[in-house]
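[1] okay, sequence plus prediction incoming.
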Amino acid sequence: MHFSAPLAVFLSLTGTLALPTKRATGTSAAVLTVQTYDDFSVSSGVAGNALAEVNAKFPVHRPKQFRRLAASDLAIIASAAQLGEQAETATGGFNDAVAAAGQTTAAGTALQNGKIKNKVLKLQTDVMRIQIEVAQGNAAAGSQLAAQQAKLATNVALDKAAAGQTATAINFAGSD
């Protein structure tokens, strides 16, 4: 499945993504709407429930939905995974924030918890992207699935291990 380059560039440059809207059953109408990274981030609050938080923000994680999802939903999910990666590794992202705060400080620990929650966001949206692509006929995309699911399971376990601890988000607009 191909997406227009302008849409992908627009989503990437604006750092925008998704929140749900209602959709009629059996149609390919869009489920998600464009939102900023800060709007769909799950990194703040308390650690321990990141996967459920991501699934609430991206309510398209049920395999029965994957075949019917609109191309715009897949583009939003793919962009979410990319922005999650950027929020972690780009200048001003979680890696920089944790390093600046110091990993052994309370602020550093809270930022690390937020980083793990962001990784769950990044990986869950990437797993959804792969599953949707496979359901819509791109069997080759499935070769990435097991590796991403393993990374997701590791980060979900880290998030659960930190349950109840403070998680701090960063203010990240996203960039290309």
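    Received, thanks.
[2] what's the mean pLDDT across the strand or helix carrying Arg129?
    Element membership of Arg129 [criterion: DSSP states H and E] is helix 106-135. The average pLDDT within helix 106-135 is 97.
[3] so who does Ser43 touch?
    Ala87, Phe94, Gly114, Lys115, Lys117, Asn118, Leu121, Ala167, Thr168, Ala169, Ile170 (Cβ atoms under 8 Å, 6 or more residues apart in numbering). C-beta: built from backbone N, CA, C; applies to glycine.
[4] out of those, give me the two with the largest separation.
    Farthest apart among the contacts of Ser43 by Cβ to Cβ are Leu121 and Thr168. That separation is 14.6 Å.
[5] so the two - more neighbours on which side?
    Taking other Cβ atoms under 10 Å, Leu121 and Thr168 do not tie; Leu121 has more neighbours (29 against 22).
[6] buried ones in stretch 127-147, by neighbour count?
    Val127, Met128, Arg129, Ile130, Gln131, Ile132, Glu133, Val134, Ala135, Ala141, Leu145 (16 or more other Cβ atoms under 10 Å).
[7] swap that for stretch 167-176, sorry
    For stretch 167-176, a neighbour-count test (16+ other Cβ under 10 Å) marks Ala167, Thr168, Ala169, Ile170, Phe172, Gly174 as buried.
[8] ok, of those, which one's closest to Gln103?
    Distance to Gln103, by Cβ to Cβ, is smallest for Thr168 among the buried residues of stretch 167-176, at 13.3 Å.
[9] ok, for the closest one, nearest residue in space, not its chain neighbours?
    Spatial nearest neighbour of Thr168, excluding adjacent residues (Cβ to Cβ, 6 or more residues apart in numbering): Ala110 at 4.0 Å.
[10] ok, the one you found - how many residues close by?
    Neighbours of Ala110 (other Cβ under 10 Å): 21.
[11] look up how far Gln103 lies from it.
    Distance check for Ala110 against Gln103: by Cβ to Cβ, to the nearest Å, it reads 11 Å.
[12] try Ala30
    Taking Cβ to Cβ, one finds Ala30 at 41 Å from Gln103.
[13] which one of these two has more residues nearby?
    The residue with more neighbours, out of Ala30 and Gln103, is Ala30; 18 against 10, by other Cβ under 10 Å.
[14] isn't that one right up against Asp73?
    Yes: under the criterion of Cβ atoms under 8 Å, Ala30 makes contact with Asp73 at 5.6 Å.
[15] the strands in the protein, which residues?
    16-20, 32-36, 45-46, 166-167 (DSSP state E).
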